[in-house]
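Colleague: test case, fold it:
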Amino acid sequence: MKNPVGPILRMGDQIEDVIQAIRDDNPGQEIEVIDRGSYVRVQGDACVRVTQDTLRHYLGADYEIRSFGTMMSSFAGRVVTSSEEIVWEKIKRDTPEGELVR
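Modeller: Below you'll find the model as predicted:
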């Protein structure tokens, strides 16, 4: 995976449902799950999203996407949130990687 982005989630009872929601919202993309015991890194290449509708499908009709922040301890990439979805995307750089920005 060249540009891994996505959430880092605290381990909990809902983790498998959240991972499945992320997989459903990113069809055709490889979603890598790295279990570190107390947390799980969920990542895809360059852009990963999850929607409130899909989270509600797995976690219940009253689930609010703003609750997602309580289980996300960190993330890779840039995160863009709205009332309907969360998107993690590659950070665009103006300079080549490894070059110092002045």
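Colleague: who's in contact with the lowest-mean-pLDDT helix or strand in the chain?
Modeller: The weakest-scoring helix or strand in the chain, judged by mean pLDDT, DSSP states H and E, is helix 68-71 (a mean of 93). Identification of contacts with helix 68-71 by C-beta atoms under 8 Å, 6 or more residues apart in numbering yields Pro7, Leu9, Arg10, Gly12, Gln14, Ile15, Val18, Val50, Leu55, Ile86. C-beta here means a position set from N, CA and C on the backbone, and glycine is covered the same way.
Colleague: parallel or antiparallel, which strands does the helix or strand following it pair with?
Modeller: Downstream of helix 68-71, the next assigned helix or strand under DSSP states H and E is strand 72-76. Strand 72-76 has its sheet partners listed here by DSSP bridges as strand 4-10 (antiparallel).
Colleague: and the partner strand, what's buried?
Modeller: Neighbour counts over strand 4-10 (16 or more other C-beta atoms under 10 Å) mark Pro4, Val5, Gly6, Pro7, Ile8, Leu9 as buried.
Colleague: buried residues in the biggest helix by length in the chain?
Modeller: Ranked by residue count under DSSP state H, the longest helix found in the chain is helix 15-25. Neighbour-count burial for helix 15-25, counted by 16+ other C-beta under 10 Å, picks out Ile15, Asp17, Val18, Ile19, Ala21, Ile22, Arg23, Asp24, Asp25.
Colleague: what packs against that helix?
Modeller: strand 4-10, strand 39-45, strand 47-51, helix 52-59, helix 68-71 (3 or more C-beta pairs under 8 Å, 6 or more residues apart in numbering; DSSP states H and E).
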